[in-house]
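[1] after the sequence you'll find the predicted model.
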Amino acid sequence: MPASPARPARCSAMNATVSEMPPAMDLSCTSRDGADEGERSKRIRYLRSPDDTAGATKAISTLRWTGRCSQNWSIYGAASGRSRGQHEQAPGWPTLSDRPRPGNSSGPGPRAVARPIAPRVWRWDSSSVNVESGLGSQVESFREARRNLEASVLPLATSLDGRQFSFQASLHGLQFQAGGYAVLDDGGTPRLGQVITLDLDQLSAEVTLPTHPGGAPENRTQVPIRYAHGEGTILEGDAAPFHDVLVRAAAGAEVQAWLERSARPNAKLRLGDLTLAAGVPCLADAGGFDRHTFLCGQSGSGKTYSLGVILERLLIETDLRLVILDPNSDFVRLGKVRGAADPVLAKRYQEAARGVAVYSADAPGKRRLRLHAAEIDPATQAAALRLDPIADREEYAALADLLASQSPPTLEALSGSDHPQARRLGLRVRNLGIDRFTVWAPGETGSVLDAVHDQDARCVVIDLGSLPTREEQSLTAGAVLGDLWRRRQERRPVLIVIDEAHNVCPADPPDQLVAQAAEHAIRIAAEGRKFGLYLLVATQRPQKIAGNVLSQADNLVLMRLNSLADTAFTQAAFSFVPPSLIDRAVTFHQGEALIAGKISPQPALLRFGTRITEEGGADVPATWAAARSEQIR
């Protein structure tokens, strides 16, 4: 038999007014949802408060789904042992209907159950209601009843396993947020938890609006009671289940104390402050960078600036070497301290800054970004020449023979060779303009690959942005990644930072040269960690990164994302992070982020701190948008 359509929540009346209720009582409502074959019921506890001089119902303490139910709502009261004071009902206060119903029966204990009835629901036209009339007074009574009931929802939590908990709270003065921290107190040692989800929920109860001198008759109406409902994770405390434990927002000092107690013995990187714990620093675990890290944020989110904060703290607090592929020249000033930097941090950074080496195409002497053709692996050279091993098999074989010789020939030698395939290679080099690449260093000794493996260079910044063509940038990135992989057996830990990684290891490479660089990145992502090769890839959109790179990332630093498709993609790629926290990325302000993984075992929301060094790249000044001194009329 097909399920009946969903019907609105209805409640029948109860055989008592508020003043006749016990000091504490349970009200339960059950309803069938046509889309759900099972039954659901909501149990509410109303407590008359001692400070309620009107004697009104003041508090809802618990909401639970249980049992099975009929198609309409039913409501019953059961006396409880709690007492919050004895007061008389104030005249005119909206009450549950006092009309007796036939067919009542008694359950366990002093319980009265009313049979379902068809309630009358009034729809008010606010434009025609005079608040001085009887009808207007009833509307005001309705609003006051709803306001007082919603304000009196008790903040209570329940856990079935001592690890996860669910809770309810009033919307009035709500202090909880998804990602924030909560204290659960049952009178013993408090537990500390983190709120993972927070949603708006509601239930409906029927009240009677009393007769007023203005002429409005006694009427029954539905009162929607809205409240906050959420779930969370226990971070510290007794692992035993609990029920109806008071929950409150954690103070900053309580979160700080937990962080200190749970900290690992690794170096700590102060990246900024926790967004939802005032005055508490966000300390990333430096040891977590021995796993691959993914940093993502749309343009304008503060991604590059925040990446700079991470790199500066790694240079100060650890001995880990850094190799940075910098496509937009954003980190070329990583060795220069800002004049306005914190004096204590600036002093500590000075020593680390001496180990920063920047290689640019326009730099003089040894710091010029340069390569030698003989250093580049055959696959990358073939990709630069756009040679296919099958379609261009003769030229490909000729290239392999030339590279195997002790002295690779020059362009002039290729063009004047007696071998047809060699001459074809010469024409290909000339036509593609490869011989005019500024990255070549004929007659010069040394190259950027020497610096990559120089243990005295603490941080090597490869300024790809200084190279004039995209082909040269891809060639250099592929050469660096390939050489790091080739010498992996040396097992020297190094963090390979790839900014704007969608240009180096995209999901859909536009040409063979980019595909070759992406292949090196994928190989390092899959197998490099055991050799001490760690990746930190940063991009604007997660879907643009090669899936085999993204899937190997164990750390996430997520900044603002406006695209719901990108948010959903990130949730699928990082399933260990609660989806509700990833959803918050669409609300982040500049510099705000979610951090999770081994660098932050418990997901945290933070606002990044200030840089120590100068920013290399900067936005174009927006002076064109300044208001004119005289308006054009």
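    Yep, that arrived.

[2] so residue 581 touches residue 602, yeah?
    No. Using Cβ atoms under 8 Å, residue 581 is not in contact with residue 602; the gap is 10.7 Å. For every residue, glycine as well, the C-beta is placed using N, CA and C.

[3] where do the contact lists of the two overlap?
    Common neighbours of residue 581 and residue 602 (criterion: Cβ atoms under 8 Å, 6 or more residues apart in numbering): residue 596.

[4] those two: which is more packed in?
    residue 581 (21 against 13; other Cβ atoms under 10 Å).

[5] mind checking what helix or strand follows the helix or strand encompassing the more buried one in sequence?
    Using DSSP states H and E, residue 581 maps to helix 579-583. Where DSSP H and E defines the elements, the next helix or strand beyond helix 579-583 is strand 592-597.

[6] can you give me how far that next one is from the chain middle?
    A distance of 6 Å separates the centroid of the chain from that of strand 592-597, by Cα atoms, centre = their mean, to the nearest Å.

[7] if we can go back for a sec, which other helices and strands does the helix holding residue 581 contact?
    Here helix 579-583 touches strand 191-209, helix 564-573, strand 592-597, going by 3 or more Cβ pairs under 8 Å, 6 or more residues apart in numbering; DSSP states H and E.

[8] and residue 381, which of the three is it?
    helix (DSSP: H, G, I helix; E, B strand; the rest coil).

[9] pretty sure it sits against residue 371.
    No. Counting by Cβ under 8 Å, residue 381 does not reach residue 371; the two are 11.0 Å apart.

[10] helices and strands of the chain: which one bottoms out on pLDDT?
    The helix or strand of the chain with the lowest confidence, counting by mean pLDDT, DSSP states H and E, is strand 75-79 at a mean of 29.

[11] in stretch 600-612, which residues are buried?
    600, 603, 604, 605, 606, 607, 608, 609, 611, 612 (16 or more other Cβ atoms under 10 Å).

[12] in strands only, show me those residues.
    600, 603, 604, 605, 606, 607, 608 (DSSP state E).

[13] how close does the closest residue to residue 601 other than its chain neighbours get to residue 596?
    In this structure, residue 601 finds its nearest non-sequential neighbour in residue 285, 7.3 Å apart by Cβ to Cβ, 6 or more residues apart in numbering. According to Cβ to Cβ, to the nearest Å, residue 285 stands 12 Å off from residue 596.

[14] before we move on, what about residue 616?
    28 Å.

[15] equivalent analysis for residue 382, please.
    Taken as Cβ to Cβ, the span from residue 382 to residue 596 is 40 Å.

[16] per-residue pLDDT, residue 595?
    With respect to pLDDT, residue 595 scores 98.

[17] any idea what it is bridged to?
    residue 557, residue 604 (DSSP bridges).

[18] give me the neighbour count for it.
    Neighbour tally, residue 595, other Cβ under 10 Å: 26.

[19] quick check: beta-bridge partners of residue 533?
    Going by DSSP bridges, residue 533 forms beta bridges with residue 494.

[20] please apply the same query to the one 4 residues further on.
    Beta-bridge partners recorded for residue 537 (DSSP bridges): residue 294, residue 498.

[21] excluding chain neighbours, give the residue nearest to residue 398 in space.
    For residue 398, the closest residue by Cβ to Cβ, 6+ apart turns out to be residue 421, at 3.6 Å.

[22] the one you found - how many residues pack around it?
    19.

[23] which residues does it contact?
    Taking Cβ under 8 Å, 6+ apart, one finds 394, 395, 397, 398 in contact with residue 421.

[24] may I see the buried residues of stretch 222-238?
    Buried-residue list, stretch 222-238, by 16+ other Cβ under 10 Å: 222, 223, 225, 227, 228, 229, 230, 231, 232, 234, 235, 237.

[25] hang on, isn't the second one packed against residue 144?
    No. The pair formed by residue 223 and residue 144 falls short of the contact definition of Cβ under 8 Å, at 10.7 Å.

[26] which of the helices or strands spans residue 549?
    Going by DSSP H and E, residue 549 is in helix 547-550.

[27] now that helix: average pLDDT?
    Per-residue pLDDT over helix 547-550 has a mean of 95.

[28] burial check on residue 377, number of neighbours?
    17.

[29] who are the contact partners of it?
    479, 482, 483, 486 are the contacts of residue 377 under Cβ under 8 Å, 6+ apart.

[30] check residue 381 too.
    373, 399, 403.

[31] what about those, which are in helices?
    Members of the contacts of residue 381 lying in helices (criterion: DSSP state H): 399, 403.

[32] low-confidence stretches in the chain?
    Applying pLDDT under 70 to the chain picks out residues 1-135, 209-218, 406-412, 416, 617-622, 629-633.

[33] how about the residue of it most remote from its centre, secondary structure?
    Ranked by distance from the centre of the chain (Cα atoms, centre = their mean), the top residue is residue 418, with 62.4 Å. Counting by three-state DSSP, the backbone at residue 418 sits in coil.

[34] before we move on, the earlier item: next, format the buried residues of stretch 600-612 as TSV and append distance to residue 159.
    Listed next are those as TSV, based on distance: Cβ to Cβ, whole Å:
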residue	distance to residue 159
600	23
603	19
604	22
605	23
606	27
607	31
608	34
609	35
611	42
612	43
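
[35] circling back to that earlier point, so residue 285 and residue 596 - more neighbours on which side?
    residue 596 (22 against 19).

[36] list the contacts of that one.
    Here residue 596 is in contact with 555, 556, 558, 574, 576, 577, 581, 602, 603, 604 (criterion: Cβ under 8 Å, 6+ apart).

[37] residues making contact with stretch 345-365?
    So stretch 345-365 is contacted by 312, 315-316, 329, 331-332, 334-338, 341, 367-369, 438-439, 448, 451, 454, 456-463, 466-468, 612-613 (Cβ under 8 Å, 6+ apart).

[38] residues of it that come out buried?
    In stretch 345-365, counting by 16+ other Cβ under 10 Å, buried: 345, 346, 349, 352, 353, 356, 357, 358, 359, 360, 361.

[39] helix or strand for the third one, which one?
    Applying DSSP H and E as the criterion places residue 349 in helix 343-353.

[40] and the strands in the stretch 301-450 of the chain?
    321-326, 356-359 (DSSP state E, counting those that start in this stretch).

[41] distance to residue 267 added to the ones you listed, as CSV?
    CSV is the format used below for those (distance: least, Cβ to Cβ, whole Å):
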stretch, distance to residue 267
strand 321-326, 15
strand 356-359, 19
